[in-house]
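S.K.: sequence plus the predicted model coming up.
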Amino acid sequence: MKQQETIPFWETKTLEELNTQEWEALCDGCGLCCLNRLQDEEDDNAPIYLTRVACHCYDINAAQCSDYHNRFERVDGCMGLSIDRVAEYDWLPETCAYRLRHHGKALPSWHPLITKDRHSVRPYGMHALDPVLETETIDLEDYIVEESVFKSF
């Protein structure tokens, strides 16, 4: 008798049905959400500009937050991605699994859940932008990513 194929959790469950482990696994680890963004503070409808400047807690070589469990205490404005706010995440990259699944779309073929390789995201994430770490002397406006580059991911 032929064994039935198991359908992956991200194809059978809605975001609301995911447990904590599944929610965390859905993140592709691109690091793009750890890049600083700029927006006109007086206009909530103003465009959000992505920069190449990574949060000071981000470990560029390891491609992950250096203090993930304490990031909210250490980084003012660090956003915890959660199901109750997923509709607000239009600032995330178009390739973000949370954003894709929220809109009922499939994960990209390079997603680590599909490739079984956590580094398969590197050509599509922060590393593709040649990031720099945040310092007090960096002017974020000098590091804005052109929209056409960002959309090519």
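M.R.: Okay, I see it.
S.K.: how long is stretch 58-71 from one end to the other?
M.R.: End-to-end distance of stretch 58-71 (Cα to Cα, to the nearest Å): 10 Å.
S.K.: cool, stretch 101-118 as well?
M.R.: 19 Å.
S.K.: quick one: least confident helix or strand in this protein?
M.R.: When the helices and strands of the chain are scored by mean pLDDT, DSSP states H and E, helix 147-151 comes last with a mean of 54.
S.K.: pull out the buried positions in stretch 94-105.
M.R.: For stretch 94-105, a neighbour-count test (16 or more other Cβ atoms under 10 Å) marks 95-102 as buried. All C-beta atoms are positioned from the backbone trio N, CA, C, and that covers glycine.
S.K.: ok, of those residues, which one's closest to His127?
M.R.: Distance to His127, by Cβ to Cβ, is smallest for Thr95 among these, at 13.6 Å.
S.K.: surely the closest one touches Asp28?
M.R.: Yes: using Cβ atoms under 8 Å, Thr95 is in contact with Asp28, at 7.5 Å.
S.K.: now do the shared contacts for those two.
M.R.: Taking Cβ atoms under 8 Å, 6 or more residues apart in numbering as the criterion, Thr95 and Asp28 both touch Tyr124.
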